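Colleague: Here's a sequence, model it:
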Amino acid sequence: MIIPKADRLQHVQEYYFSQKLAEVRALQAQGKRIINLGIGSPDLPPSEATIAALAQSAQQATSHGYQPYNGTAKLRQAMQAWYQQLYHVELQEQEVLPLAGSKEGIFHISMAFLNPGDKVLVPNPGYPAYAAAARLAGAEIVSYTLEEASGWLPQPKELEQLVAQGGFKLMWVNYPHMPTGTPAAMHTLEWLVAFAQQHGLLLINDNPYSLVLHEQSPLSLLRVAGAKENCLELNSLSKSHNMAGWRVGMVLGKQEYLSAILAVKSNLDSGQLLPVQEAAITALHNSQSWHAERNAVYAQRQQLAHLLLDQLGCTYTPGQVGMFVWARVPEEVADVEVYLNQLLYEQGIFLTPGKIFGSQGERYLRVSLCAPADQLKEAINRITSSTEILNQL
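Modeller: Numbers count the residues shown, from 1 in each chain. As a prediction, the model looks like this:
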């Protein structure tokens, strides 16, 4: 007899990359050389000082016990100082809550603030975890449209029409935006804060990409005057510090909101390993030159990704922020996912279909920059060779 799964899973599927990477591994097990340009897992290491701090702390006999659910005071203070220095946002120590990755925080926030039947505004296209976490909390998802013609930014008229339905509790934004690589100007963040306050929404900005290929000073939603009254911000060391597998993130905002999140978090984990926390403190002190060197690597890879997309006949906007390139697929391609599966099985190149980020991504694909330049060059060569063969037929 099979025990039936919970009803809450009727509308929540296994994460796309969980399934697709298993498919990629199966192809690799068959001896096929797959170039993975699908997932944004940094292949570059953390700073040497970060790794040394981890090793040094791990060698201490007292470093392996349970830690505070809200992180050590030193880690909270380091995050507080980092936000002051980098984003010019003044926070109190109690307005900082370390997390085992910001993806965890998306779920914690949803569980802390959403009741069954509450409505949540999520971007389309956008990170699938926003909708998945809300559904697991029993909330109703309402997508707001982001489109290329309007610069992948929320449109006031549409948002006003949506909230007029009533019942909304929470809204997700993500700038710099993934998957499109769009940064937001301060006036956009100011409008969003005012909109959320007018309609009694908790507004959360997911902000892990602001240090990657971002030529302007990084922005925080919490820099907007009065934002702490109804806003939270998630951030992470995964992308900006090459620490994806370390699972170090943070949520920042008013103490009352963080206390609600901690009530959920403290029932689900027992704190992060102390050596990871102490290494994170060191990472937060990485020099500007370290970040510049990382971005120089990504800039070179971005140019190669553009060449790859040119070979595929795709169009894209230059100067995208973050570790991806978002591109529109030629109109003659009838089904983008089928097309990308052909690239995977015939050329051994794994690219992400834009449809996994929502219906607004149907005609798009995403290229990850988290692969060495020689792999990107090899992918270009494979596409070029394939094109030459087709032209000879």
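
Colleague: rest of the way, CA atoms for contacts and neighbours
Modeller: Noted.

Colleague: Flag the shaky bits of the stretch 251-393 of the chain, pLDDT-wise.
Modeller: Applying pLDDT under 70 to the stretch 251-393 of the chain flags residues 386-393.

Colleague: so where do the strands sit in it?
Modeller: 315-316, 324-328, 349-350, 352-353, 364-368 (DSSP state E, counting those that start in this stretch).

Colleague: Mean neighbour count and distance to residue 149 added to the ones you listed, as CSV?
Modeller: As requested, the strands of the stretch 251-393 of the chain are exported to CSV (neighbours: other C-alpha atoms under 10 Å; distance: least, C-alpha to C-alpha, whole Å):
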stretch, mean neighbour count, distance to residue 149
strand 315-316, 16, 13
strand 324-328, 24, 12
strand 349-350, 24, 28
strand 352-353, 24, 20
strand 364-368, 24, 14
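
Colleague: Tabulate those strands (CSV), appending distance to residue 213.
Modeller: What follows is the strands of the stretch 251-393 of the chain, written out as CSV (distance: least, C-alpha to C-alpha, whole Å):
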stretch, distance to residue 213
strand 315-316, 16
strand 324-328, 10
strand 349-350, 23
strand 352-353, 20
strand 364-368, 13
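
Colleague: Can you tell me which of these is nearest to residue 259?
Modeller: strand 324-328 (34.3 Å; C-alpha to C-alpha).

Colleague: Give the other helices and strands that the closest one contacts.
Modeller: Contacts defined by 3 or more C-alpha pairs under 8 Å, 6 or more residues apart in numbering; DSSP states H and E place strand 324-328 against helix 288-312, strand 315-316, strand 364-368.

Colleague: For the last one, which outside residues touch it?
Modeller: This points to strand 364-368. 37-40, 179, 305, 323-329, 336, 351-355 (C-alpha atoms under 8 Å, 6 or more residues apart in numbering).

Colleague: Out of the helices and strands packed on strand 324-328, which one sits most buried?
Modeller: Compared across these, strand 364-368 shows the largest average neighbour count, a mean of 24 (mean count of other C-alpha atoms under 10 Å).

Colleague: Also compute the angle for it relative to helix 288-312, please.
Modeller: Using axes from the mean of the first three to the mean of the last three C-alpha atoms, to 10 degrees, one finds that strand 364-368 and helix 288-312 are set 140 degrees apart in direction.

Colleague: and the angle from strand 364-368 to strand 324-328?
Modeller: Going by the same axes, to 10 degrees, strand 364-368 makes 160 degrees with strand 324-328.

Colleague: Partner strands of strand 364-368 and their direction?
Modeller: strand 324-328 (antiparallel), strand 352-353 (antiparallel) (DSSP bridges).

Colleague: Put together a markdown table for the helices and strands packed on strand 324-328, with distance to residue 90 on each row.
Modeller: Shown next, in a markdown table, are those (distance: least, C-alpha to C-alpha, whole Å):
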| stretch | distance to residue 90 |
| --- | --- |
| helix 288-312 | 21 |
| strand 315-316 | 37 |
| strand 364-368 | 33 |
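
Colleague: Minimum distance to residue 11: which of the strands paired with strand 364-368 has it?
Modeller: Using C-alpha to C-alpha, these put strand 352-353 closest to residue 11, at 20.4 Å.

Colleague: Give me the nearest residue to residue 337, chain neighbours excluded.
Modeller: Counting by C-alpha to C-alpha, 6 or more residues apart in numbering, residue 353 is the residue found nearest to residue 337 once chain neighbours are left out, at 5.7 Å.

Colleague: Could I get the contacting residues of that neighbour?
Modeller: Applying C-alpha under 8 Å, 6+ apart, the residues near residue 353 are 336, 337, 340, 361, 362, 364, 365, 366.

Colleague: For residue 298, which non-adjacent residue is spatially closest?
Modeller: Nearest to residue 298 is residue 369, by C-alpha to C-alpha, 6+ apart, at 6.4 Å.

Colleague: gap between the one you found and residue 48?
Modeller: Distance, residue 369 to residue 48, by C-alpha to C-alpha, to the nearest Å: 22 Å.

Colleague: between these two, which one's more packed in?
Modeller: residue 369 (29 against 11; other C-alpha atoms under 10 Å).

Colleague: how close does that one get to residue 249?
Modeller: In terms of C-alpha to C-alpha, residue 369 sits 21 Å off from residue 249.
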